[in-house]
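A.B. asks: Pasted the sequence and its predicted model underneath.
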Protein chains: 2
Amino acid sequence: MSTHPALERLRSILIESHALGSASALLSWDQETMMPKQGIEGRADVLAQLAGLAHERFVRAETAAALEQLEAARSDLDDDALAIARETRKDYDRATKVPKELVTAIAQAQSLGQDSWQRARAAADFAMFAPSLERLVDLKRAYAHAVNPNAEPFDVLLDDHEADMSTDFLDTLFSALKARLVPMVEAIASSAVVIDTGPLRRALPLEKQLAFARSVTAAMGFDDGAGRVDRSAHPFCIGIHPGDVRLTWRGQTDDLRPALYGLMHEAGHGLYEQGLPAAWVGTPLASAVSLGIHESQSRLWENMIGRSRAFWTAFLPRLKAAAPGVYDDVDVDAMTRAANEVEPSLIRVEADELTYNLHIVIRFEIERDLFRGRLRVRDLPEAWDAAYATLLGIRPPDAARGVLQDVHWSMGAFGYFPTYTLGNLYAAQFLERAREELGDLDGAIARGDFLPLRDWLRERIHRHGRKYPPRELVRRVTGRDPEIEPFLRHVESKFMPLYRG
Amino acid sequence: MSTHPALERLRSILIESHALGSASALLSWDQETMMPKQGIEGRADVLAQLAGLAHERFVRAETAAALEQLEAARSDLDDDALAIARETRKDYDRATKVPKELVTAIAQAQSLGQDSWQRARAAADFAMFAPSLERLVDLKRAYAHAVNPNAEPFDVLLDDHEADMSTDFLDTLFSALKARLVPMVEAIASSAVVIDTGPLRRALPLEKQLAFARSVTAAMGFDDGAGRVDRSAHPFCIGIHPGDVRLTWRGQTDDLRPALYGLMHEAGHGLYEQGLPAAWVGTPLASAVSLGIHESQSRLWENMIGRSRAFWTAFLPRLKAAAPGVYDDVDVDAMTRAANEVEPSLIRVEADELTYNLHIVIRFEIERDLFRGRLRVRDLPEAWDAAYATLLGIRPPDAARGVLQDVHWSMGAFGYFPTYTLGNLYAAQFLERAREELGDLDGAIARGDFLPLRDWLRERIHRHGRKYPPRELVRRVTGRDPEIEPFLRHVESKFMPLYRG
């Protein structure tokens, strides 16, 4: 582990922002899981104070001086220290290049935006939200200009969520993906095969569901000594420290999927957080590198492992033992089929593994066109509905189930959606590579032995934190740029046989 | 509620320290109740960063400037604003008058002190701890000098825990108390009456104990919408915000007392925290005024209400209903007796309501003599053992059960112990006054109607926060200075009949 006086100095400054961030993470977790009702009165103020203080302390002159000192020592530094300098410089520039008035204006517009979005969604009336959205697009364009006046604005926004990504690169990737997915979805939609999801929708008490899902996360190698699991209204994973990673879940007594796949998803995130290098806490090396890479970890476990035949080979017998009598008539094939229903639908968060990506492509193309000035906010509902008709063959009956369904834009989070599909693509790419290197991975999964895969992901991905930008990380792990073929091979090999009947 | 530009300015500065303190409180709670094992790796660092930052931000020039501005506007201010100015000045002077090197030296000595104390206690060897203790006494004397070179050093230390207290005042109070308690304890020790604690030591599952104790805290008016209850190794109460107050408990399956009286004790603290004025959060008006006043609230509910005949009149039937068959042979008198065993013992934290105060008097006299230079650290074990023999008629078999039993001195917390007995005295004084004003208080308690008392305490004590220093608060509530007679009347009227046989 590298030491250099300039590195130590910078680190002693960064550790403070990290402490504030770690405390805020715990407060947020607590708010969703433990906090008594009236605690909300004080909680928002405390979180706002901590966020303001973290920003103020990070952007002060001492940080810049320490960073410049580290940059000046470049020739003495090893790769870890160089990565810390690079990533801290990026964070510092993002935090300081945007004028304070613009930061304040964006914060206000987000607050108003969320409010008007909620009201608009309740009324299924896009016009109620349009003025806020227009303002947010304008402000985020100004933000992008402040960060980098020479870049395409949407590139800057993408970069906030997935470093080194560009609109053009995604355009190429997603166009190709779309061209291949649409015919698959059409073929499935016109297939005579109807998948019976009944095996996953048996009545099972929540405590039994949780116990079963926890046996799966234990097999995944999620370490309960360095984490915990609680209930919340919406599932999430939050990393307080690599030694303290918290997952939440929710369940439905008549459907095992929310508990099982929700918890596998969060545990995938959680393994990443537990695998970050504790020795580097406070520096970018102990942070997750991007939303897309994070999502690749959750989707890999939830969809590619959790919905596989190998998974049910290992876990159906355990489920039967945990719930005597309930699954007597179910075999591994029936369970695997039940976990893989494909059905074009209106709501992104309810979509299956395959069609999900078309929901994302639609959002990406709309964002791209908005920021390239080719689409006006007022024309958004029409563009949305037309895209759903073309790509998924369905048309939203109203804006609430259409263009108003997601919270992201009301928060000014443009360029966020693509990371979900990037996660799917990365996951398939990583998993192909893991299969090549680990030998009979399906055999191990079918025996319930998930640790070789967990260890491989830890070694290749988790332990690096932000050492390599995501695109470089993908190249280092797989030898190739992010691409669509591995994902397409995955879905074709899984869904085509299922729907061939 | 007062507003003044200078007040608002100061408040906007204080709110930041408060946010850091509130976050630290939640992190500490979490550490004792929820945190996974490996979370400890990062937790101590985060708490240290937050504490350092809270100090650094409080002592900066902006705070002094805002405070001076408020003080300059004195003639325009109402009582609330004047109290905020007075208490903030006090905090500011304490935080700034002590040289940084001394603060660091004390922190180091505390850390070493706790370590050597733990080892000394394990070995029952005072000599192992003596050098650390000597250093702590010297440093705290230097600290007292830095804060106020003209005051008696121990007065300054007392003032850290209980404002406006003096060594002389406590000397008078505690000497008189000792003179009256020792003969009572002797009379009880030589009484032929043996109290049967059996009724409180029936086997009862912890979940039943908790449900019963929670029915008591509900009757006390502890608001579950503004608080919660969890288990921890050592019970405590922590206020995150008046709308978020958390209690912890521990239980023993064969003894109802730890769960019931422990939780009543913490709920007494909790009512105080819930009763602080949320509108003033961030200012001293929304903080508890002193350890002694805090302790008066916990002891009042635990000992004076919870161990009373009236309490068991209301709650024995409920306990019988909650645990059918277990208490069939027990009546209210038997239960009241069981709750009030007096027995001179070696360990403070296990002492009964009566002898507890002699443990405190011993510690106070030793601290006083140490800081007046009349007692050397090396002579402390002898002084301790002699005092236990004289006041309690027993002699510790070793230092672990004697002079090394408490953590306080190893942390340099001199002047802390007296607040426990002050709490007992205040509680009795408050309760006498409440009885005068509320009419038939025992009748209400016997009906399980605790809310008139809770409301009276809230109105007279809780809602004032630090508006009045503790001694003034006692005078305002009771019309008299802190005194021993009400407590003596309470214990005499309770214990003498029980032990008269």
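C.D. replies: The structure has been received and is ready for your questions. Numbering: from 1, shown residues only, chains lettered A, B, ... in the order given.

A.B. asks: In terms of pLDDT, where does the residue nearest to the spatial centre of chain A sit?
C.D. replies: In chain A, the residue lying closest to the centroid (CA atoms, centre = their mean) is residue A:295, at 3.6 Å. pLDDT recorded at residue A:295 is 98.

A.B. asks: That one: which element?
C.D. replies: Residue A:295 is located in helix A:291-299, with elements delineated by DSSP states H and E.

A.B. asks: can you pull the buried residues of that helix?
C.D. replies: Neighbour counts over helix A:291-299 (16 or more other CB atoms under 10 Å in any protein chain shown) mark A:291-299 as buried. All C-beta spots, glycine's among them, are computed from the backbone N, C-alpha and C.

A.B. asks: can you list those in a markdown table and add distance to chain B?
C.D. replies: Formatted as a markdown table, the buried residues of helix A:291-299 follow (distance: CB to the nearest CB, whole Å):
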| residue | distance to chain B |
| --- | --- |
| A:291 | 23 |
| A:292 | 26 |
| A:293 | 22 |
| A:294 | 20 |
| A:295 | 24 |
| A:296 | 25 |
| A:297 | 20 |
| A:298 | 20 |
| A:299 | 25 |
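
A.B. asks: Which of those residues sits closest to residue A:284?
C.D. replies: Residue A:284 has its nearest neighbour among the buried residues of helix A:291-299 in residue A:293, at 13.6 Å by CB to CB.

A.B. asks: I figured that closest one was touching residue A:462, is that so?
C.D. replies: No - contact between residue A:293 and residue A:462 fails when scored by CB atoms under 8 Å: they sit 9.5 Å apart.

A.B. asks: Now for those two: what residues contact both?
C.D. replies: Common neighbours of residue A:293 and residue A:462 (criterion: CB atoms under 8 Å, 6 or more residues apart in numbering or on different chains): residue A:272.

A.B. asks: now the lengthiest helix in chain A and helix B:5-33, what's the angle there?
C.D. replies: In terms of residue count, the longest helix belonging to chain A (DSSP state H) is helix A:5-33. Relative orientation of helix A:5-33 versus helix B:5-33 (axes from the mean of the first three to the mean of the last three CA atoms, to 10 degrees): 80 degrees.

A.B. asks: Now helix A:5-33: average pLDDT?
C.D. replies: What helix A:5-33 shows for mean pLDDT is 95.

A.B. asks: How far off centre is it?
C.D. replies: 21 Å (CA atoms, centre = their mean, to the nearest Å).

A.B. asks: buried ones in the helix or strand just after the helix holding residue A:295?
C.D. replies: Counting by DSSP H and E, the element after helix A:291-299 in chain order, helix or strand, is helix A:309-322. Under the neighbour-count criterion of 16+ other CB under 10 Å, helix A:309-322 has A:309-316, A:319, A:322 buried.

A.B. asks: Going by contacts, tell me the helices and strands next to helix A:309-322.
C.D. replies: helix A:206-220, helix A:332-338, helix A:441-446 (3 or more CB pairs under 8 Å, 6 or more residues apart in numbering or on different chains; DSSP states H and E).

A.B. asks: can you put these in CSV and add mean pLDDT, distance to chain B and mean neighbour count?
C.D. replies: Below are the helices and strands packed on helix A:309-322 laid out as CSV (pLDDT from 0 to 100; distance: least, CB to the nearest CB, whole Å; neighbours: other CB atoms under 10 Å in any protein chain shown):
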stretch, mean pLDDT, distance to chain B, mean neighbour count
helix A:206-220, 98, 13, 18
helix A:332-338, 97, 32, 19
helix A:441-446, 97, 26, 18
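
A.B. asks: can you redo these as TSV with distance to residue A:126?
C.D. replies: Formatted as TSV, the helices and strands packed on helix A:309-322 follow (distance: least, CB to CB, whole Å):
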stretch	distance to residue A:126
helix A:206-220	37
helix A:332-338	37
helix A:441-446	45
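
A.B. asks: among those, which is nearest residue B:172?
C.D. replies: Per CB to CB, nearest to residue B:172 of those: helix A:206-220, 60.7 Å.

A.B. asks: between that closest one and helix A:309-322, how many degrees?
C.D. replies: Calculated by the same axes, to 10 degrees, helix A:206-220 forms an angle of 140 degrees with helix A:309-322.

A.B. asks: thought residue A:327 was touching residue A:204?
C.D. replies: No - under the criterion of CB under 8 Å, residue A:327 is not in contact with residue A:204, lying 9.2 Å apart.

A.B. asks: what sits against residue A:47?
C.D. replies: A:24, A:27-28 are the contacts of residue A:47 under CB under 8 Å, 6+ apart.

A.B. asks: oh sorry, the question was meant for residue A:122
C.D. replies: Going by CB under 8 Å, 6+ apart, residue A:122 touches residue A:400.

A.B. asks: Helix or strand for it, just tell me which one.
C.D. replies: Going by DSSP H and E, residue A:122 is in helix A:100-123.

A.B. asks: Residue A:229 now?
C.D. replies: Following DSSP H and E, one finds residue A:229 within strand A:227-231.

A.B. asks: Following element in sequence after that strand, please.
C.D. replies: Where DSSP H and E defines the elements, the next helix or strand beyond strand A:227-231 is strand A:237-241.

A.B. asks: coming back round to it: and of the helices and strands packed on helix A:309-322, who's closest to residue B:161?
C.D. replies: Taking CB to CB, helix A:206-220 is the member of these nearest to residue B:161, at 45.7 Å.

A.B. asks: if we look at that closest one, which residues are touching it?
C.D. replies: Residues contacting helix A:206-220 (CB under 8 Å, 6+ apart): A:224, A:229, A:247, A:249, A:251, A:253, A:256, A:259-260, A:263-264, A:267-268, A:270-271, A:301, A:306, A:314-315, A:318-319, A:322-323, A:448-450, A:454.

A.B. asks: number of nearby residues for residue A:138?
C.D. replies: 13 (other CB atoms under 10 Å in any protein chain shown).

A.B. asks: ok, now which ones touch it?
C.D. replies: Contacts of residue A:138 by CB under 8 Å, 6+ apart: none found.

A.B. asks: quick one: it is in a strand?
C.D. replies: No - Residue A:138 is assigned helix when assessed by DSSP: H, G, I helix; E, B strand; the rest coil, not a strand.

A.B. asks: domain assignment for chain A?
C.D. replies: A:1-97, A:198-339+A:444-467 (automatic domain parsing).

A.B. asks: Quick one, which of the contacts of helix A:206-220 are buried?
C.D. replies: Buried, going by 16+ other CB under 10 Å: A:229, A:247, A:249, A:251, A:256, A:259-260, A:263-264, A:267-268, A:270-271, A:301, A:306, A:314-315, A:319, A:322-323, A:448, A:450, A:454, out of these.

A.B. asks: Show the backbone phi and psi for residue A:195.
C.D. replies: Note on residue A:195: its backbone torsions stand at phi -80, psi 130 [degrees, to the nearest 10].

A.B. asks: got the contact list for the closest residue to it other than its chain neighbours?
C.D. replies: Nearest residue to residue A:195, sequence neighbours excluded (CB to CB, 6 or more residues apart in numbering or on different chains): residue A:341, at 4.3 Å. Neighbouring residues of residue A:341 by CB under 8 Å, 6+ apart: A:195, A:197, A:352.
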